[in-house]
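Participant: What would the 3D arrangement of this be:
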Amino acid sequence: MNSEEREWLNRIVHIRSSMGAEQVYEILGTPTTDMFGFAKWNGFGGSQLSQLRVYFSDGHPTRIRWIKLGYFIFESDP
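Facilitator: Below you'll find the predicted structure:
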């Protein structure tokens, strides 16, 4: 991970399952797509090869998945 990606990772680890979607958006910014059940950020962390998804249940985050194609996958249960 480069320094910009580590900064974004630091934001991700502050997301908790008790937060609402608006609190998550305050930390991560406006998602590229806000679909039923998850929000998606394309180009997350400064790379077009990267995508972040935060899955929601009852308005709270339940799973975080950050994928950078060919480099890494980060998954977390907040």
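
Participant: quick one: contacts for the most centrally placed residue in the chain?
Facilitator: The chain has Leu52 as the residue nearest its centroid, 4.3 Å off, counting by CA atoms, centre = their mean. Counting by CB atoms under 8 Å, 6 or more residues apart in numbering, Leu52 touches 12, 28, 40-41, 44-45, 64-67. From N, CA and C alone the C-beta is placed, and that goes for glycine too.

Participant: So among these, where is pLDDT lowest?
Facilitator: On pLDDT alone, Gly45 ranks lowest of the contacts of Leu52, at 91.

Participant: Correct me if wrong, but the residue nearest to the centre of the chain is in a strand.
Facilitator: Yes. The assignment for Leu52 by DSSP: H, G, I helix; E, B strand; the rest coil puts it in a strand.

Participant: Use 6 as the first number from now on
Facilitator: Sure, I'll start numbering at 6, so the last one becomes Leu57.

Participant: ok, now which ones touch the residue nearest to it when sequence neighbours are not counted?
Facilitator: Of all residues not flanking Leu57 in the chain, Phe49 sits nearest, at 3.9 Å (CB to CB, 6 or more residues apart in numbering). Counting by CB under 8 Å, 6+ apart, Phe49 touches 13, 55-57, 71.
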